[in-house]
Every structure is written in C-alpha cells, then in structure tokens.
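# Sequence first, predicted model second:
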Amino acid sequence: MSATINVNQNILEMEYAVRGPIPQKAAKLKQEGRNIIFCNIGNPQALGQEPMSYYRQIISLLEEPRKIARERALKELFEESTASDLRNDDFIASEILDLSEEILAKTGKGLGAYTESKGYFFVREAIADFINRRDGFAPESGLLADPEQIFLTDGASDGAKRVLDLLIAKETDGVMIPIPQYPLYSATIKMFGGVQVNYYPDEEHDWALNRDALESAYTQAAEEGVNIKAIVVINPGNPTGAILDEGSVHEVIAFAKERGLAIIADEVYQENLYGGEFISFARALGDEKSVALFSLHSISKGFYGECGHRGGYLEVRNTPMVAGTALNFVDLLLKQASVSLCSNTVGQIMTYLMVSPPNGESSVRQQFATEKEEVLGTLYEKAVMVREAFKKMDGVEVFGKTGAMYLFPRLNKLPAGTDDFGYCMALLEETGLCTVNGSGFGLKNHLRIAFLPSKEQLEEVLPRWVEFHNKYVKG
Ligand SMILES: Cc1ncc(COP(=O)(O)O)c(C=O)c1O
C-alpha cells in the first residue's frame with residue numbers, strides 16, 4: 001500500500017465546475033467514440049476558431065529570428081525572378097518583418113530570457129497607451145495609466161490569484177462575488193482560505209447590479225463576522241454573458257467607496273460585445289481616488305482567443321498602502337511576482353500585440369480587420385442561432401444583452417425530482433452537447449452554453465436539443 005500524505009484541505013475541498021463531472025463524462029464518451037460538442041468552456045481555438053494571422057506571424061518570427069532575414073532574402077529572389085508561380089502575398093509582409101525586428105530589439109535578448117518581474121517595460125507602456133486610448137484619458141487629465149502599476153501575468157486567472165492571495169490574510173477575510181460566477185473566484189477564495197460572500201445580480205433586469213442587493217449581501221456577511229475586503233465584478237459576464245450598464249458600474253463604485261472595498265474588475269470579455277457598450281471600471285472611476293481598483297484583461301478571449309498562450313495583465317489604480325508598513329500594495333505585488341521571476345514571454349508579446357493592433361491603411365491592417373470582423377460576426381450569428389433555439393424550448397428564458405461567449409438560460413420547467421445537473425448529463429448523453437449546469441456557477445435551474453462550435457455543428461445539434469428538451473420537461 002502506498003504511503004499517505006496530508007495535503008492542503010482548501011485545495012481538497014475546492015470545486016471547479018467547468019472542468020467538473022459533466023465535462024469529465026463528455027471526455028469519457030469521446031474516448032468511446034461518441035461525437036461530442038464541447039460547449040463547457042470558452043476555449044475558442046479548441047472549437048475551430050482560427051488564430052489571427054498577425055499575431056501568429058510575429059510570434060513565429062520572434063521565436064525563430066533567423067526567419068526574418070530568410071523571408072527578406074526569399075522575397076528578393078522572388079522579385080528578381082520571372083519564372084515563379086508565387087504571388088506577393090505568399091510572403092510575409094515587410095511591415096510584419098520590420099515590426100518583428102523592432103519587437104525583438106525591444107526585448108533585448110529575445111524570448112528565451114527572463115524579463116523584469118512586472119514584465120517587459122515596453123509592453124507595459126503599450127498597455128498604458130491602450131488604456132488611455134480606450135478610456136479617453138488625456139495627458140493633462142491626471143488619469144493616465146502608469147506602466148509601473150501594470151503587471152504582465154500568465155492569463156487573467158493568474159492576475160486574480162495574485163490579488164486574492166495578497167488580500168486574504170485571515171480566515172474571516174471575505175470577498176464578494178456575483179452569483180452566478182466564474183468558478184475561478186470561488187475556487188481561489190477557497191484555496192487561500194477566505195470567505196466567499198455571494199451577491200446576486202438582477203437576472204430579470206439584464207443582470208443589473210443594484211445597491212440593495214450589494215448592501216444586503218454585505219450586511220449579512222458582516223453580521224456573521226466576515227471582514228469584507230473586495231468585490232469582484234465580471235463585465236461582460238461569465239456565465240451570464242451580460243454586459244453591465246453604466247448605472248451598475250457606478251453603483252458598484254459608490255458601494256465600494258462607502259464600504260471601503262477594493263474592486264477586482266474582470267474585463268476579459270471587453271471585446272465581446274456584439275453591439276453593446278463596454279464601460280471599463282477605470283473610466284467609470286475617473287478621478288475618484290479613494291477606491292482601489294484591480295483590472296484584469298487577457299489574450300484568451302475577444303477575437304484573438306489565444307487561451308493556450310497564457311497572457312494578460314493586471315492594472316492597479318489608487319494603490320492602497322499596506323497596513324503597518326511603509327510599503328504599498330504594488331510593492332508587495334512586485335515582491336510576490338519576483339518569486340516566479342516573470343510571466344511567460346510569448347504571453348507577454350501576445351498581450352503587446354493585443355493592445356497594439358496594426359493601424360494605417362496597409363494590407364496587414366486590412367487583413368487584420370477582416371479576420372477580426374469575421375470572428376466577432378460569426379460569434380454573434382451563433383449566439384443568435386442558440387437564442388432562436390431557446391424560443392422553441394418549453395419554459396426556457398434568457399436575460400441580458402449578448403456578450404462574452406456564453407448564454408445562460410433559465411430552465412423554468414424542470415420536472416419534479418430532476419435538477420440542472422441531471423438535465424445537462426442527459427443532454428450530453430442524448431445529443432453529445434457538453435454544457436455546464438447552472439449550479440456549477442452557484443445558480444440552480446440554469447445552464448451555460450459557450451456559443452463556440454461551428455455553425456454547421458450548431459445547425460445539426462440544436463434541433464436535437466429542442467427535441468430532447470421538450471421531451472425532458474414533460475417528465
Ligand atoms: C471571467 C473570466 N475571467 C478569467 C478567465 C480566465 O482567463 P485566462 O485564460 O486569461 O486566465 C476566464 C476564462 O474563461 C473568464 O471567463
């Protein structure tokens with residue numbers, strides 16, 4: 001018999017539904033030869049989304065810099081030759097070659113060396129410029145993003161973990177999270193031994209955040225002895241897909257100010273809007289200096305979907321001082337980041353490319369715009385297809401504007417004795433569609449579907465889902 005070992009109880013007890021029993025069952029069915037459509041996670045390229053050529057061409061040249069000179073030489077040969085069948089656009093554009101050289105020079109020794117613990121300075125500068133452009137911060141506004149308050153991370157999950165790790169100091173320290181929520185937050189709070197304090201966006205009013213809901217969650221937890229330190233907001237939402245209106249964003253800021261809370265703004269879906277408007281917390285905060293803000297962004301979502309490359313950033317505004325010390329929170333984030341040396345360099349460069357899209361009228365810029373439009377346009381069409389299918393399902397309602405990559409319908413007519421977990425399992429077994437039950441995000445009688453499979457796959461599976469559903473709810 002092998003020896004036993006005691007482990008961190010928090011990790012033993014934490015749960016992570018998007019990779020939980022339903023997806024595990026789906027993986028097993030797939031192994032047995034079933035055709036499974038994985039809609040349990042926002043992992044676009046796993047479902048066939050093409051990467052942006054611009055990002056991949058540059059990354060490949062940075063990884064193998066000798067190819068830059070080789071590409072130039074080949075192109076010269078082609079231009080001198082009359083016998084070739086090749087066309088100009090079979091070669092990597094000079095603009096990409098020049099830019100790759102420029103980036104390479106900025107990295108110093110290329111992608112194989114550790115960087116500063118906060119990440120490459122030139123990337124942090126580009127992120128600051130991006131935030132200033134996005135939020136309309138003028139030089140004299142006093143609101144400009146500061147590269148020294150920005151950390152490159154291995155994805156937004158890493159950024160969230162860093163902040164929560166520092167914030168949760170005692171087992172009575174609490175963090176407010178929306179329900180339904182992305183399980184990164186519940187799992188991480190559990191991992192660091194803090195208290196999860198649930199608040200409830202108003203489903204029937206587009207998942208808006210109102211003050212009463214925030215106050216009642218706060219007061220109840222405070223009465224139970226929880227010392228609440230921060231509130232997490234996910235905008236656009238996961239799992240709801242909902243885009244927060246301006247009123248909700250301001251409501252959170254006013255609440256955080258009054259209660260002395262930091263805000264953790266998870267804004268990884270800021271490009272997935274399909275016509276809605278994104279209001280960043282940085283912009284809404286404006287010159288309000290008393291509320292600490294931690295904003296997260298990532299290369300995993302948007303139209304780029306570079307989940308596997310693990311890149312993103314954390315921006316801190318209104319950095320608080322650390323009680324009992326002369327240090328501020330960013331000093332401590334730096335200390336913490338130093339232990340891992342730096343985040344991965346490809347993720348850092350991907351983040352650089354995310355915040356510095358090509359501009360001007362070049363063919364590179366045109367190709368970029370075409371690919372971007374194609375990805376976002378198709379995502380929206382697929383969301384509409386799924387929404388249309390819901391209309392044919394008995395007792396299914398879905399609220400909020402479409403954002404992110406998800407729909408989170410309410411199942412109003414589950415037969416007595418059944419629940420959303422059973423429904424999703426049966427749906428998987430019957431149709432091969434792998435979704436996640438609402439309870440996995442903290443809200444029963446719902447499910448989440450990521451609208452990422454191809455249109456052809458959806459065309460094939462949606463009628464079967466409608467048929468399954470209407471039979472299931474009859475009991
Ligand atoms: C709201 C939200 N935050 C963070 C993440 C994780 O992002 P990353 O891949 O950058 O760690 C996800 C992934 O689905 C998400 O939905």
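Structure received. Values in this document were obtained by computation on a predicted structure and should not be read as measured data.

# Let me see the contact set for the nearest residue to T345 once chain neighbours are set aside.
The shortest distance from T345 to any non-neighbouring residue, by CB to CB, 6 or more residues apart in numbering, is to L111 (4.2 Å). Bear in mind the C-beta positions are built from the backbone N, C-alpha and C, glycine included. Applying CB atoms under 8 Å, 6 or more residues apart in numbering to L111 gives the contacts 62-63, 345-346, 349.

# before we move on, what about G275?
G275 sits next to 380, 401 when contact means CB under 8 Å, 6+ apart.

# Check what pLDDT E361 gets.
Looking at E361, its pLDDT stands at 83.

# pull the longest strand from the protein.
Taking DSSP state E as the criterion, the chain has its longest strand at strand 227-234.

# before we move on, the earlier item: for the residue nearest to T345, helix, strand, or coil?
What DSSP: H, G, I helix; E, B strand; the rest coil gives for L111 is coil.

# so what's the backbone phi/psi at the closest residue to the ligand within the stretch 51-200 of the chain?
In the stretch 51-200 of the chain, the residue that lies nearest the ligand is G155 (2.8 Å; CB to the nearest ligand atom). Main-chain dihedrals, G155, degrees, to the nearest 10: phi 90, psi 160.

# Relative to I68, how far out is I96?
9 Å (CB to CB, to the nearest Å).

# what sits in contact with each of these two?
Common neighbours of I96 and I68 are listed as L61 (criterion: CB under 8 Å, 6+ apart).

# Could you pick out the residues of the stretch 301-450 of the chain near the ligand for me?
For the stretch 301-450 of the chain, the residues in contact with the ligand (CB under 6 Å from any ligand atom) are 307, 312.

# Could you pull up the residues touching the residue of the stretch 301-450 of the chain found nearest the ligand?
Relative to the ligand, the nearest point of the stretch 301-450 of the chain is G312 (4.6 Å; CB to the nearest ligand atom). Contacts for G312 (CB under 8 Å, 6+ apart) come out as 152-156, 158-159, 268, 296-300, 347, 351.

# now, which of those residues lie within helices?
In this view, those that belong to helices under DSSP state H are 156, 158-159, 347, 351.

# out of these, who's nearest N359?
Using CB to CB, T351 comes nearest to N359 of these, at 17.7 Å.

# I'd say that closest one and L152 touch.
Yes: between T351 and L152 there is a contact under CB atoms under 8 Å: 6.2 Å.

# what sits in contact with each of those two?
Common neighbours of T351 and L152 (CB under 8 Å, 6+ apart) are 119, 123, 311-313.

# tell me the helices in the stretch 251-400 of the chain, going along the chain?
For the stretch 251-400 of the chain, the helices defined by DSSP state H, counting those that start in this stretch cover 281-285, 329-339, 345-355, 363-391.

# Now the phi/psi pair for the residue nearest to the spatial centre of the chain, please.
Centre of the chain computed as the mean C-alpha position; nearest residue by CA atoms, centre = their mean is V268, 3.6 Å away. Backbone dihedrals for V268, given as degrees, to the nearest 10, come out at phi -70, psi -20.

# List the residues that contact the residue of the stretch 1-150 of the chain found nearest the ligand.
Closest contact between the stretch 1-150 of the chain and the ligand, by CB to the nearest ligand atom, is at G42 (4.3 Å). Taking CB under 8 Å, 6+ apart, we find G42 in contact with 238, 300-301, 307, 404-406, 450, 452.

# tell me which element it is part of?
Under the criterion DSSP states H and E, no helix or strand holds G42.

# circling back to that earlier point, which one of the helices of the stretch 251-400 of the chain lies closest to I58?
I58 lies closest, by CB to CB, to one member of those: helix 345-355, at 6.3 Å.
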